[in-house]
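J.: Could you look at this predicted model? Sequence included:
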Amino acid sequence: MEAGYLNQYFKAVAVKRLSAVEADAAVSNQHEYNGVSMLKKMFGTDEQKINIPTHFLYVTDDDNAVSADGELTWYDARYNHPTRTEWRLYYPTNAVTESAIAEDSLFICLKADGTVLAIIARKDSIIENQLFWLFDVRPDENPNQFVAKTDMTSQPSDKVSFTARMILYAIGVDAHDDKEDYTDMLVEKFGNAFPSTREFSKFARDTVEADPVNDPDGALLQWYDREEKMFKCMERYLIQERLMTGFKTGDEVDVDAFIKFSLSVNNRRKSRAGLSFENHLEALFAEHSIRYSHTPTTENNSKPDFIFPSIEHYRDTNYPAVQLTMLGAKTTAKDRWRQVLEEADRIERKHLITLEGAISENQTNEMISRKLQLVVPKEIHATYSEKQQSWLYSVEDFLGLVKERQLFADRYPNG
């Protein structure tokens, strides 16, 4: 992404911690956010009152964001006073504001079109930390004060454009680059239907000039990124074609058909991301001649994503557990990283590979305490603190570990 890329979407962003009176209707019914002096630069003071079309969003680390549309009202409560002004920001009651709790972070994002995206992020969540990183602004200790960034053009060129796009997508901003349109190529190859995920993943890899042997971190990210972009191009084309056909049977609108289509789009998005990530990991393991078992069954019928060097070694109770490796694969970690802890009981120190950037320190500290090692492509390391970076594994680090243990397996009796 180019320098100042956020300026394409936002004019300014202000953030604060919500106080009890702002978040809890049982404490106060004021419906106003306090400490708005910094908002004067965002909304101006020329008009006594303006109603701003606003999309409200409440985000946590699960996949069930709460959203609502409405208005924020920016007004001078002492407009008729000869010498005093008192600017306030009024918010309505909706599903988002009712979800908020004290100390959640409130982001008032003034968009390029003059509307507002009001995001409330759960305190200490991964998405909260990602928004701090994306906008490069954090609330101070005073819950009655906004901290604002009003010059988005000064944003430096973001070397971690993949992470930025993922975060923008999570808050409903499509950072699609029109210059990268693969639609014609995809339709020529696959026609008017998606192929299998494995076939689509391979085709995406074949269009990328990557070096999986000497740069496995870069290759994995390039492969997944290319497939993500191609998927969105193909999906946009197929949805457009279906919408052109319409959902009418005679003179009646077929609501059930529309709902079925919408659900199929959503389900395909969810299932494809994880499967494509695993496809690219398997291609990477093949390039490095690494043996593994994919989704084998272990204790309690759990199915870890990968066991190294094989499930047969895992089931051999004489094989040293310290020479076994388990890898969970999740494109986004969020709260789901804890699922990995319940898999492959023989392996005490587990590994999780993810494309998630800017995970908060409280989350990585918990991972460390639970003996979970996070594996992240090198490029994304820059979104973490220096302390976190010293602990993170790169993809190359992980491959090196598995290769070393594979040498032990080769020397093991009947190995």
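T.: Great, that's in hand. These numbers were taken from a predicted model, which means no experiment stands behind them. Residues are numbered from 1 along each chain as shown.
J.: ok, and L327, which helix or strand is that part of?
T.: strand 325-330 (DSSP states H and E).
J.: List the strands paired with that strand, with their directions.
T.: When pairing is defined by DSSP bridges, strand 325-330 lines up against strand 306-308 (antiparallel), strand 350-354 (parallel).
J.: Going along the chain, name the helices of the stretch 301-415 of the chain.
T.: Using DSSP state H, counting those that start in this stretch, the helices of the stretch 301-415 of the chain run over residues 311-315, 361-369, 386-389, 395-411.
J.: Sorry, wrong one. I was asking about the stretch 51-200 of the chain.
T.: 95-99, 126-135, 161-170, 183-190, 197-206.
J.: For the longest helix seen in the chain, which residues meet the burial criterion?
T.: Ranked by residue count and defined by DSSP state H, the top helix of the chain is helix 255-287. Neighbour-count burial for helix 255-287 flags 272-273, 275-285 (criterion: 16 or more other CB atoms under 10 Å). C-betas here are computed from N, CA, C, even on glycine.
J.: repeat for stretch 197-215
T.: T197, F200, S201, K202, F203, A204, R205, A210, P212.
J.: How about residues contacting that stretch?
T.: Defining contact as CB atoms under 8 Å, 6 or more residues apart in numbering, one finds that stretch 197-215 is touched by 182, 185, 189-190, 194-195, 218-220, 222-223, 226-227, 230-231, 271-272, 275-276, 279-280, 283-284, 287-288.
J.: measure it end to end?
T.: 24 Å (CA to CA, to the nearest Å).
J.: average pLDDT for stretch 337-352?
T.: The average of the pLDDT scores along stretch 337-352 is 95.
J.: Would you mind measuring the gap between the ends of that stretch?
T.: Stretch 337-352: ends 8 Å apart by CA to CA.
J.: Where does pLDDT dip in the stretch 1-150 of the chain?
T.: 1-4, 25-29, 80, 82-83, 143 (pLDDT under 70).
J.: F285 - nearest residue in space that isn't next to it in sequence?
T.: Y292 (5.8 Å; CB to CB, 6 or more residues apart in numbering).
J.: try N34
T.: In space, and not counting its chain neighbours, N34 is closest to N144: 4.7 Å by CB to CB, 6+ apart.
J.: my read: the one you found touches S19, true?
T.: Yes. N144 is in contact with S19 according to CB atoms under 8 Å; the separation is 6.4 Å.
J.: Which residues are in contact with each of those two?
T.: Counting by CB under 8 Å, 6+ apart, the residues touching both N144 and S19 are N34.
J.: Mean neighbour count added to the helices of the stretch 301-415 of the chain, as JSON lines?
T.: As requested, these are exported to JSON lines (neighbours: other CB atoms under 10 Å):
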{"stretch": "helix 311-315", "mean neighbour count": "18"}
{"stretch": "helix 361-369", "mean neighbour count": "15"}
{"stretch": "helix 386-389", "mean neighbour count": "13"}
{"stretch": "helix 395-411", "mean neighbour count": "16"}
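J.: mind listing what's buried in stretch 99-118?
T.: Buried residues in stretch 99-118 (16+ other CB under 10 Å): 99-100, 104-111, 116-118.
J.: What is the distance between that stretch and the centre of its chain?
T.: 18 Å (CA atoms, centre = their mean, to the nearest Å).
J.: Could you do stretch 285-304 as well?
T.: Chain-centre distance of stretch 285-304: 25 Å, with CA atoms, centre = their mean.
J.: In it, which residues are buried?
T.: F285, I290, Y292, S293, P296, T298, P304.
J.: Let me have these in a markdown table, extended by pLDDT.
T.: Converted to a markdown table, those look like this (pLDDT from 0 to 100):
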| residue | pLDDT |
| --- | --- |
| F285 | 98 |
| I290 | 98 |
| Y292 | 98 |
| S293 | 98 |
| P296 | 97 |
| T298 | 95 |
| P304 | 96 |
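J.: Just the ones of the residues you listed in strands?
T.: Among the buried residues of stretch 285-304, DSSP state E puts S293 in strands.
J.: Name the nearest of the buried residues of stretch 285-304 relative to D61.
T.: D61 lies nearest to P304 out of those, by CB to CB, at 21.6 Å.
J.: Could you break the protein into its assigned domains?
T.: 5-158, 183-287, 293-411 (automatic domain parsing).
J.: Can you identify each of the strands in the stretch 1-150 of the chain by residue range?
T.: Residue ranges of the strands in the stretch 1-150 of the chain, as given by DSSP state E, counting those that start in this stretch, are 10-17, 32-33, 49-59, 66-76, 87-90, 105-111, 116-121, 147-149.
J.: can you list contacts of the first one?
T.: Okay, so that is strand 10-17. By CB under 8 Å, 6+ apart, strand 10-17 touches 33, 35, 38-39, 41-42, 103-112, 117, 123, 131-132, 135, 137-139, 143-152.
J.: let's see 7 Å
T.: Here strand 10-17 makes contact (CB atoms under 7 Å, 6 or more residues apart in numbering) with 35, 38-39, 42, 103, 105-112, 135, 137-139, 143, 145-150, 152.
J.: What is the distance between the longest helix of the chain and the centre of its chain?
T.: With CA atoms, centre = their mean as the basis, helix 255-287 stands 16 Å off its chain's centre.
J.: which helices and strands does it pack with?
T.: Applying 3 or more CB pairs under 7 Å, 6 or more residues apart in numbering; DSSP states H and E, one finds that helix 255-287 makes contact with helix 197-206, helix 216-245, strand 325-330.
J.: Please work out which of the ones you listed is packed deepest.
T.: Most buried of these, by mean neighbour count (mean count of other CB atoms under 10 Å): strand 325-330, with a mean of 22.
J.: and A68, what does it touch?
T.: Going by CB under 7 Å, 6+ apart, the list of residues near A68 reads F56, N94, A95, V96.
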